[in-house]
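Student: quick one: sequence plus predicted model below, questions after.
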Amino acid sequence: MVVKKNGTKFRCSIVVSQKRELGEKSRNKQEPIFSLRVSNAILAQSTISVLGLGFIDAGYSGDWSRIGVISKETEDLLKLVAFVVVPLCLFLIFSLSKKQEA
């Protein structure tokens with residue numbers, strides 16, 4: 001897999017080795033089978049979304065305190081913090097999408 005940074009985009013390519021033929025066509029010509037380009041803005045939006053969803057899950061599901069990963073007090077604190085973090089995440093996601101359009 002070859003990862004190249006081209007400006008603000010990443011390109012991932014999977015290259016399959018080909019049988020070498022004698023002649024000019026065989027000189028290091030490899031074509032990618034699968035190419036994926038993702039901009040930095042989309043990566044940032046995805047990261048912010050996962051952060052917001054994590055606060056929602058930890059604060060409102062009740063599963064984490066029930067199985068003993070966090071205490072009930074910490075879960076209540078996460079519920080309060082989620083009221084600030086989730087709108088902030090939504091604001092950041094939409095502001096990044098407006099910058100990407102311009």
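Tutor: Sure thing, it's come through.

Student: tally of neighbours for the closest residue to Leu90 other than its chain neighbours?
Tutor: Take Leu90 and drop its neighbours on the chain: the residue closest to it by Cβ to Cβ, 6 or more residues apart in numbering is Gly52, 7.1 Å away. From N, CA and C alone the C-beta is placed, and that goes for glycine too. By the other Cβ atoms under 10 Å criterion, the neighbourhood of Gly52 contains 19 residues.

Student: who's in contact with Gly52?
Tutor: Counting by Cβ atoms under 8 Å, 6 or more residues apart in numbering, Gly52 makes contact with 85-86, 89-90.

Student: which of the residues you listed are buried? Put it as a ChimeraX command.
Tutor: The ChimeraX selection below is limited to those of these classed as buried (16 or more other Cβ atoms under 10 Å):
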select :85,86,89
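
Student: wait, which of the contacts of Gly52 is closest to Ser71?
Tutor: Val85 (19.2 Å; Cβ to Cβ).

Student: next up, the contacts around the closest one.
Tutor: Val85 touches 51-52, 55, counting by Cβ under 8 Å, 6+ apart.

Student: among those residues, which are in strands?
Tutor: Applying DSSP state E to the contacts of Val85, no entry is found in strands.

Student: dump those residues into a markdown table; add pLDDT and distance to Ile70 as well.
Tutor: As requested, the contacts of Val85 are exported to a markdown table (pLDDT from 0 to 100; distance: Cβ to Cβ, whole Å):
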| residue | pLDDT | distance to Ile70 |
| --- | --- | --- |
| Leu51 | 93 | 17 |
| Gly52 | 92 | 18 |
| Phe55 | 87 | 12 |
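
Student: the residues you listed in helices, which ones?
Tutor: Using DSSP state H to define helices, the subset of those located there is 51-52, 55.

Student: can you give me the domain boundaries for the chain?
Tutor: 2-39, 40-101 (automatic domain parsing).

Student: count the residues that sit near Thr74.
Tutor: Burial of Thr74 is recorded as 14 neighbouring residues (other Cβ under 10 Å).

Student: for this structure, what helix or strand is lowest in average pLDDT?
Tutor: For the chain, counting by mean pLDDT, DSSP states H and E, strand 2-6 ranks last in confidence among helices and strands (a mean of 48).
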